[in-house]
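Chemist: quick check, what structure comes out for this input:
(2 chains)
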Amino acid sequence: MKTTGLLFSILLAITPGAQAQTNGGYTNFIRQIQLPSGVEKDMTNLEAAGTQDSALAINPGGARFELHSVNTVTATPYLLVSQYVASYVPTVDLVITSEDPYDIVPRTRADRPFYVKTSVTGLLSGATDPEAAKKVNFLRHVQSYGEGGTGVGIDTTQATLLSQSYIESSAVAPLPTVATMTFAINAVPGADRAKIRGEERFSVFSLADERIEEESGQKYSAPAAQLASQRIQIWPVADGALTGITAGQLIRFKMPPVTVTLNDLYPDSHTYVQVYKGPAQLGMTGKKIPESRIIMDSTPQDEVFTLTNYDSVFGEDGEWTMELVTKTPFGLDRLAHVTFNLDLTLQMNGSVTTIDN
Amino acid sequence: MKPAEIQLLEAMKISTMFLPLCWIAALMMTASLSAEPAMRDVATHDQLSERLRVANNKGPLVDLKPAQGPDPTKASTGGDLISRSDFLSYVGRATLVPKRAILHIPANMADRIKLQPGSKIQNWADFYAMNRSWITTVEVSRAQAEGKESLGEDLLKRIQKSTNVIVATHSAGPISVLPLKVPVQAPVATTTTSKP
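Modeler: Numbering: from 1, shown residues only, chains lettered A, B, ... in the order given. Sure thing, here's the model as predicted:
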């Protein structure tokens, strides 16, 4: 590879940090890290958008370019994007999707599937091509947030490597260079599989390689470098309880207060209590008691509330079922139900007598 | 075809004058026919454990050729930008440069080599333009930055005697300068002569 400057471009205009830069809240830095030496250099005279030559030649070990936005007041850094550049590096796109259309961070629930789409271009297949040019390493990491955790501030280096596999250019490779993989369920560790809180991270790395600079004949050790990475957050399955009425109870004159306890309501969910006449039957649509809870958040929520003065939803006496239902991007889930007998009619037993004089 | 749609088609045969109304009606009927998504009881730990067991045996990765070697994500990237940088601060302004880019700090300026509270972060070019009186830059080559070549005795002496803070740059950008790598000398062959 020639040891001349490599044209390197960064589109600052598309980054949140760059937008913030215009109001003076952030200062951008592009840090170039030469590999394997570890020499670091800051690029200067950054424009909001455009291209700039790398002042340092990119040797066969490659270089990583990092775009950081630093808060001008707190000095808190945000790594916006990182790009590894070397003589032969495949291009990788990696996208994770789920049934939840939320697009800030892909997310799903502990009982639902998710999908990982990979697209690898630029792999070579010649007999004399180095291994690092013919395949990339596809990694799957899992990490639990712990009980009640939300993932804020976790140390991602503590994630557990679940598997690493090759994506190869060979036509006989089991995984084509463009593939969508379906994961039926997450593998984040946890004692209760319904209460998983954590994330799965998929990443693609180049292979470590020994490279020789043509001009000088010098040997370089190019370390494995991250080409693409994305994570999906896994949130627990909600649970709930209705307390105040027991199964088979005969309720007379007035409905008692019912306490509704909700745990781990999924972000972007609508939870309500409904009643219908007859025994419990999955899939019934009943009358909603107007005490619903709507969750619009980025993490699961807990709620407790009490139903009072809701007799009007019952049209007649008899056997009734009360259900606690949550609606999420995955459909309707019944969290709890109770069937009871109702007798709200006030019967007056007495006699009327007259006295004739 | 759903009964509602059949009724709709018949209505259309009667008269096309009511086409817009029919279309609206069709939309409303379709909406009323589309039921809520199927309801289920929440999944339990046992159900999900079984599903995971099946997935582990028949997941999308089981047929792939496993890769060898250590986890590449564990290789240290050296920490975040701040931990890999030194701050320079003066009269309410500050900037950062790569660690090892500051080659010399006079004793009386040591308190400027940190982030002073309340300082506003600037980029290097703006900060340097305002602080040339106490910061001097030294252009170094790539080989010097990599520790393959010495900065030279003369320059090293001038750096040590400077009353300014000295920052290494390459093409005007601050750059770290690694310690000079001392070439490994081949072991000197020793010859022993044994007396006859």
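Chemist: quick one, strands of the stretch 51-200 of chain A?
Modeler: For the stretch 51-200 of chain A, applying DSSP state E, counting those that start in this stretch gives strands covering A:63-71, A:77-85, A:91-98, A:107-109, A:114-121, A:135-144, A:160-168, A:178-183, A:198-205.
Chemist: okay if I get those as TSV plus mean neighbour count?
Modeler: The way it works is simple: take the backbone N, C-alpha and C, and place the C-beta from them, glycine included. Output for the strands of the stretch 51-200 of chain A, formatted as TSV (neighbours: other Cβ atoms under 10 Å in any protein chain shown):
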stretch	mean neighbour count
strand A:63-71	21
strand A:77-85	17
strand A:91-98	17
strand A:107-109	27
strand A:114-121	19
strand A:135-144	23
strand A:160-168	19
strand A:178-183	15
strand A:198-205	23
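Chemist: tabulate these in JSON lines, adding columns for mean pLDDT.
Modeler: Putting the strands of the stretch 51-200 of chain A into JSON lines (pLDDT from 0 to 100) gives the following:
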{"stretch": "strand A:63-71", "mean pLDDT": "86"}
{"stretch": "strand A:77-85", "mean pLDDT": "77"}
{"stretch": "strand A:91-98", "mean pLDDT": "91"}
{"stretch": "strand A:107-109", "mean pLDDT": "97"}
{"stretch": "strand A:114-121", "mean pLDDT": "92"}
{"stretch": "strand A:135-144", "mean pLDDT": "94"}
{"stretch": "strand A:160-168", "mean pLDDT": "91"}
{"stretch": "strand A:178-183", "mean pLDDT": "90"}
{"stretch": "strand A:198-205", "mean pLDDT": "94"}
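Chemist: okay, those strands in CSV with distance to chain B next?
Modeler: Listed next are those as CSV, based on distance: least, Cβ to the nearest Cβ, whole Å:
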stretch, distance to chain B
strand A:63-71, 5
strand A:77-85, 4
strand A:91-98, 13
strand A:107-109, 9
strand A:114-121, 8
strand A:135-144, 5
strand A:160-168, 4
strand A:178-183, 4
strand A:198-205, 5
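Chemist: in CSV: those strands, plus distance to residue A:253.
Modeler: Below are these laid out as CSV (distance: least, Cβ to Cβ, whole Å):
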stretch, distance to residue A:253
strand A:63-71, 63
strand A:77-85, 62
strand A:91-98, 48
strand A:107-109, 41
strand A:114-121, 51
strand A:135-144, 50
strand A:160-168, 58
strand A:178-183, 53
strand A:198-205, 49
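Chemist: residue B:93: which of those is closest?
Modeler: strand A:63-71 (13.3 Å; Cβ to Cβ).
Chemist: and the closest one, how far from the chain's centre?
Modeler: Its chain's average C-alpha position is 24 Å from that of strand A:63-71, according to Cα atoms, centre = their mean, to the nearest Å.
Chemist: where do the helices sit along the chain?
Modeler: As the question left the chain open, I've gone with chain A. For chain A, the helices defined by DSSP state H occupy A:16-21, A:131-134.
Chemist: my bad, the chain I had in mind was chain B
Modeler: Counting by DSSP H, one finds helices in chain B at the ranges B:3-14, B:19-33, B:45-57, B:124-130, B:142-145, B:153-161.
Chemist: which of the helices of chain A has the lowest average pLDDT?
Modeler: Ranked by mean pLDDT, these bottom out at helix A:16-21, with a mean of 38.
Chemist: report the central residue of chain B.
Modeler: For chain B, the residue nearest the mean C-alpha position is residue B:80 (7.9 Å; Cα atoms, centre = their mean).
Chemist: residues near residue 154, how many?
Modeler: Assuming you mean chain A. Close neighbours of residue A:154, defined as other Cβ atoms under 10 Å in any protein chain shown, add up to 16.
Chemist: if you could check chain B rather than the one you did, that'd help
Modeler: Around residue B:154 there are 8 other residues, counting by other Cβ under 10 Å.
Chemist: look up the pLDDT of it for me, please.
Modeler: 94.
Chemist: likewise for residue A:230?
Modeler: At residue A:230, the pLDDT value in this model is 90.
Chemist: isn't it up against residue A:93?
Modeler: No. With contacts counted by Cβ atoms under 8 Å, residue A:230 stays clear of residue A:93, the gap being 9.8 Å.
Chemist: wait, doesn't residue A:202 sit right on residue A:227?
Modeler: No. Residue A:202 is beyond contact range of residue A:227, at 11.7 Å (criterion: Cβ under 8 Å).
Chemist: and stretch A:294-305 with chain B, contact?
Modeler: No. Stretch A:294-305 stays clear of chain B (Cβ under 8 Å from any Cβ of the partner chain), getting no nearer than 13.3 Å.
Chemist: can you point out the buried residues in that stretch?
Modeler: Residues of stretch A:294-305 classed as buried: A:295, A:299-301 (neighbour count, 16 or more other Cβ atoms under 10 Å in any protein chain shown).
Chemist: over to stretch A:310-330?
Modeler: Within stretch A:310-330, the residues that qualify as buried by neighbour count (16+ other Cβ under 10 Å) are A:310, A:313-314, A:320-330.
Chemist: hey, C-alpha coordinates of that stretch in CSV?
Modeler: In CSV, the C-alpha atoms belonging to stretch A:310-330 read as follows (Å, rounded to 0.1, in the frame of the first residue of the first chain):
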residue,chain,number,x,y,z
TYR,A,310,-67.0,1.1,38.9
ASP,A,311,-70.3,-0.7,39.4
SER,A,312,-71.8,1.0,36.4
VAL,A,313,-69.9,-1.2,33.9
PHE,A,314,-71.8,-4.2,35.1
GLY,A,315,-75.2,-4.4,33.3
GLU,A,316,-76.7,-7.3,35.1
ASP,A,317,-76.2,-9.8,37.9
GLY,A,318,-74.6,-13.2,37.3
GLU,A,319,-71.2,-14.6,36.6
TRP,A,320,-68.6,-12.0,35.5
THR,A,321,-64.9,-12.1,34.7
MET,A,322,-62.5,-9.2,35.3
GLU,A,323,-59.2,-9.2,33.3
LEU,A,324,-56.0,-7.2,33.4
VAL,A,325,-54.8,-6.8,29.8
THR,A,326,-51.7,-5.1,28.3
LYS,A,327,-51.4,-4.0,24.7
THR,A,328,-47.9,-3.7,23.3
PRO,A,329,-46.4,-3.8,19.8
PHE,A,330,-46.4,-7.6,20.2
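Chemist: what residues does the stretch 151-300 of chain A have near chain B?
Modeler: Counting by Cβ under 8 Å from any Cβ, the stretch 151-300 of chain A comes close to chain B at A:156-157, A:159, A:161, A:163-166, A:168, A:173-175, A:181-185, A:187, A:192-195, A:203, A:205, A:208, A:223-224, A:226, A:237-239, A:282-283, A:285.
Chemist: which non-adjacent residue is nearest the residue nearest to the centre of chain B?
Modeler: residue A:77 (5.6 Å; Cβ to Cβ, 6 or more residues apart in numbering or on different chains).
Chemist: what of residue A:33?
Modeler: residue A:64 (4.6 Å).
Chemist: and that neighbour, what are its bridge partners?
Modeler: residue A:33, residue A:84 (DSSP bridges).
Chemist: run a quick check on it versus residue A:81, I expect a contact.
Modeler: No. The criterion here is Cβ under 8 Å, and residue A:64 misses it with residue A:81 at 10.8 Å.
Chemist: quote the end-to-end distance of stretch A:217-237.
Modeler: Stretch A:217-237 has an end-to-end distance of 59 Å (Cα to Cα, to the nearest Å).
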